[in-house]
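> Attaching a predicted model along with its sequence, questions to come.
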Amino acid sequence: MALTMVHLLVADLWAQEHPQYLDCPGYYYGAISPDAIHVRDGGDKSHKNEIHLNNWGVLHRQDVVDYWRAHRSPFDVGYGVHVLTDAQWVPRYKERLPGLMPDGKLDIPRYYNDTFVTDFALRDQTPRIADMLDMIERADTPADHPLLTAHEFSAWRDIILNAYRGECPRHDPVRFVTVPYVRDFVHDSIPLIDEVFAEAFGED
């Protein structure tokens, strides 16, 4: 999965062309919130694809269209942006970063070292991240979400805020998931999100 800074950078870049979300706390809160499933399941990922609208690593755009047609708040828009980001993240690294899968399976220690170190570098290089974290902190938690509870959302928010206001937990040199790789991904992820949003919200 993409880590938090990737999700926030995608959400923020997309919002540049959708300014009703650009400084909306609920939108950025939604953009981190599908991963609140980890509050419920910990490291068990058996429910993660369901919570990600079947887009955890493989695109199922109609599921996001259907979700957005039924749930249209800024939080829900951010939620959909998150899952569409993950739908693009996994196929891309499988295609472009074969060194992460030397025997056909993801090298998990290498992957998480690279993604954490790069995520914190992106945090440090992007002044607006602090504003986004502040918005997430003051956003209202949805009480009636169809997939996750208010407790799960708020507990995940606390985990993320504490983590990204602290120090990076990994320290080895990055080999594959570099800052330039992520910045290219962020830019390239926007057209699909635009297409799905336009279909769901009826924009030309």
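Alright, I've got the coordinates. Numbering: from 1, shown residues only.
> how about the helices in the protein?
Counting by DSSP state H, residue ranges of the helices within the chain are 4-15, 25-32, 37-41, 48-51, 61-70, 74-96, 108-125, 128-138, 150-164, 179-201.
> Export the fifth one to PDB, keeping only CA atoms.
So the one you mean is helix 61-70. Below are the C-alpha coordinates for helix 61-70, written out as PDB (Å, rounded to 0.1, in the frame of the first residue of the first chain):
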ATOM      1  CA  ARG A  61     -13.600   1.700 -10.700                       C
ATOM      2  CA  GLN A  62     -17.400   1.000 -10.700                       C
ATOM      3  CA  ASP A  63     -17.200   0.300  -7.000                       C
ATOM      4  CA  VAL A  64     -15.900   3.800  -6.400                       C
ATOM      5  CA  VAL A  65     -18.500   5.300  -8.700                       C
ATOM      6  CA  ASP A  66     -21.200   3.500  -6.800                       C
ATOM      7  CA  TYR A  67     -19.700   4.600  -3.500                       C
ATOM      8  CA  TRP A  68     -19.500   8.200  -4.600                       C
ATOM      9  CA  ARG A  69     -23.000   8.200  -5.900                       C
ATOM     10  CA  ALA A  70     -24.300   7.100  -2.500                       C
END
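> what pLDDT does the residue of the chain most remote from its centre get?
Taking Cα atoms, centre = their mean, the residue of the chain most remote from its mean C-alpha position is Asp103, at 27.0 Å. For Asp103, the model assigns a pLDDT of 91.
> Also Glu203?
pLDDT at Glu203 comes out at 66.
> before we move on, the earlier item: hey, which of the helices of the chain is tucked in deepest?
Between the helices of the chain, helix 25-32 has the highest mean count of neighbours, a mean of 26, where neighbours are mean count of other Cβ atoms under 10 Å. C-betas here are computed from N, CA, C, even on glycine.
> could you check the angle helix 4-15 makes with that one?
Inter-element angle recorded for helix 25-32 and helix 4-15: 130 degrees (by axes from the mean of the first three to the mean of the last three Cα atoms, to 10 degrees).
> what packs against the helix-or-strand element of the chain with minimal mean pLDDT?
Within the chain, confidence by mean pLDDT, DSSP states H and E is lowest for helix 37-41 among all helices and strands, at a mean of 93. Under the contact criterion of 3 or more Cβ pairs under 8 Å, 6 or more residues apart in numbering; DSSP states H and E, the helices and strands touching helix 37-41 comprise helix 48-51, helix 150-164.
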